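[1] this one's sequence-less:
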């Protein structure tokens, strides 16, 4: 696998991510109640939508409950 400019490979980063998520999952599973993340999104900025989507995906992978509220921007 080809190295990136920092000397690491994509596989190195994938393995590190897996280790971190495995550890987070163990911590979450050891708790009496799962932690919860509440996200309040305002507007429809595409970059923000991707960011939130990735947070939700990661939370689901480790067992963190997620609530998302999406609001339309209003100007009075």
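    Good, I have the coordinates. Here the structure is a predicted model, which means the values were calculated and not measured.
[2] what about the helices in the chain?
    Taking DSSP state H to define them, one finds helices in the chain at 10-30, 46-62.
[3] and the last one, what does it pack onto?
    Think helix 46-62. Packing partners of helix 46-62 (3 or more Cβ pairs under 8 Å, 6 or more residues apart in numbering; DSSP states H and E): helix 10-30, strand 36-42, strand 65-71. Where C-beta positions appear, they are placed from N, C-alpha and C, glycine not excepted.
[4] any chance of these in TSV with mean pLDDT and mean neighbour count as columns?
    Output for these, formatted as TSV (pLDDT from 0 to 100; neighbours: other Cβ atoms under 10 Å):
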stretch	mean pLDDT	mean neighbour count
helix 10-30	95	12
strand 36-42	96	12
strand 65-71	95	12
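[5] and those as JSON lines, adding distance to residue 55?
    Listed next are the helices and strands packed on helix 46-62 as JSON lines, based on distance: least, Cβ to Cβ, whole Å:
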{"stretch": "helix 10-30", "distance to residue 55": "13"}
{"stretch": "strand 36-42", "distance to residue 55": "7"}
{"stretch": "strand 65-71", "distance to residue 55": "8"}
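[6] quick revisit: put together TSV for the helices of the chain, with distance to residue 70 on each row.
    Converted to TSV, those look like this (distance: least, Cβ to Cβ, whole Å):
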stretch	distance to residue 70
helix 10-30	25
helix 46-62	9
